[in-house]
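A.B. asks: below are the sequence and a predicted model; questions follow.
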Amino acid sequence: MTRRFPILGAIAIVLGLVTAAPRGDAAVDPRAFVADLGNEGIQTLGPQVTTQERVSRLYKLFEGDFDVSGIGRFAIGRYWEAFSLEQQQEFQRLFQDYTVHAYADKLGKFGGAQFKVTGSEPSADGVVVHSEVIRADGHPVQIDWHLISASDGYKVSDVYVDQVSMKISQRDEFAKIIQNNGGQPAALLAVMRQQLRDKDTAPPTPLPAL
């Protein structure tokens, strides 16, 4: 087994601020897309939402607004080719389930935070939208959203929280799990399965204080 990923707290900020499909002009304006995600996400995923409801909403959010398959492929890195087709399919399924469950109980402390888009710039594969979250303790958190074009507007391909990349951090952590288990990629699947079972059987986690 391995320790829980240190990036979880950062990703909780990110997932706690997103909501489902693009709306109106947001489909063609990346800044409006991110502004909608942030502002509506704060309202719908605050501390008043139960853990079960938060998990249910996150499934829709992660699947609807994030490039799930692309992020998952990046996170597993070179080990993807070592998987059989069945293992690749299981990893993608576990990746979404694991991410949603792992972050669901960490979102309450970010509900009600002030969110604002601060700028945008083109990138090699799309556009980066800069934003800032002011937490209840007054601490500002910089969030840079990397977007790629999709048929219905945009998908989030990566998020940098205070200059830390979501998918690079997950790739490093997945690699450590595999290396610490004899270099066997299948060990990662076993770890993810076990942590999901633990989540399903654990009692509800109290929401953290602001």
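C.D. replies: Arrived safely, thanks for sending. Numbers count the residues shown, from 1 in each chain.
A.B. asks: hey, what's Gln114 bridged with?
C.D. replies: For Gln114, the beta-bridge partners are Ile134 (DSSP bridges).
A.B. asks: that one and Val133 touch, don't they?
C.D. replies: Yes - between Gln114 and Val133 a contact is recorded at 6.9 Å, counting by C-beta atoms under 8 Å. Placement of C-beta: from N, CA and C, glycine included.
A.B. asks: the two: who's more crowded?
C.D. replies: Between Gln114 and Val133, counting by other C-beta atoms under 10 Å, Val133 is the more crowded of the two (21 against 14).
A.B. asks: what is the longest helix along the chain packed up against?
C.D. replies: Ranked by residue count and defined by DSSP state H, the top helix of the chain is helix 85-104. On a contact count with 3 or more C-beta pairs under 8 Å, 6 or more residues apart in numbering; DSSP states H and E, helix 85-104 meets helix 8-16, helix 51-65, helix 68-76, helix 186-201.
A.B. asks: could you pull up the mean pLDDT of the second one?
C.D. replies: The reference is to helix 51-65. On average, the pLDDT along helix 51-65 is 80.
A.B. asks: picking up where we left off before, pick the most deeply packed of the helices and strands packed on helix 85-104.
C.D. replies: Ranked by mean neighbour count, the helices and strands packed on helix 85-104 are led by helix 8-16 with a mean of 22 (mean count of other C-beta atoms under 10 Å).
A.B. asks: for the helix or strand following it, packing partners?
C.D. replies: Next along the chain after helix 8-16, taking DSSP states H and E as the criterion, comes helix 30-44. The contact analysis (3+ C-beta pairs under 8 Å, 6+ apart) places helix 30-44 against helix 51-65, strand 114-123, strand 126-134, strand 140-150, strand 153-161.
A.B. asks: could you rerun that using 10 Å?
C.D. replies: helix 8-16, helix 51-65, strand 114-123, strand 126-134, strand 140-150, strand 153-161 (3 or more C-beta pairs under 10 Å, 6 or more residues apart in numbering; DSSP states H and E).
A.B. asks: roughly how far is that helix from the heart of the chain?
C.D. replies: The chain centre lies 15 Å from the centre of helix 30-44; the measure is C-alpha atoms, centre = their mean, to the nearest Å.
A.B. asks: kindly report the same for stretch 83-98.
C.D. replies: Centre to centre, stretch against its chain (C-alpha atoms, centre = their mean), the figure for stretch 83-98 is 17 Å.
A.B. asks: stretch 187-199 too?
C.D. replies: 18 Å.
A.B. asks: same thing with stretch 58-78?
C.D. replies: How far stretch 58-78 lies from its chain's middle: 8 Å, per C-alpha atoms, centre = their mean.
A.B. asks: format the helices and strands packed on helix 85-104 as JSON lines; extra columns: distance to Ile148.
C.D. replies: Below are the helices and strands packed on helix 85-104 laid out as JSON lines (distance: least, C-beta to C-beta, whole Å):
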{"stretch": "helix 8-16", "distance to Ile148": "16"}
{"stretch": "helix 51-65", "distance to Ile148": "12"}
{"stretch": "helix 68-76", "distance to Ile148": "8"}
{"stretch": "helix 186-201", "distance to Ile148": "25"}
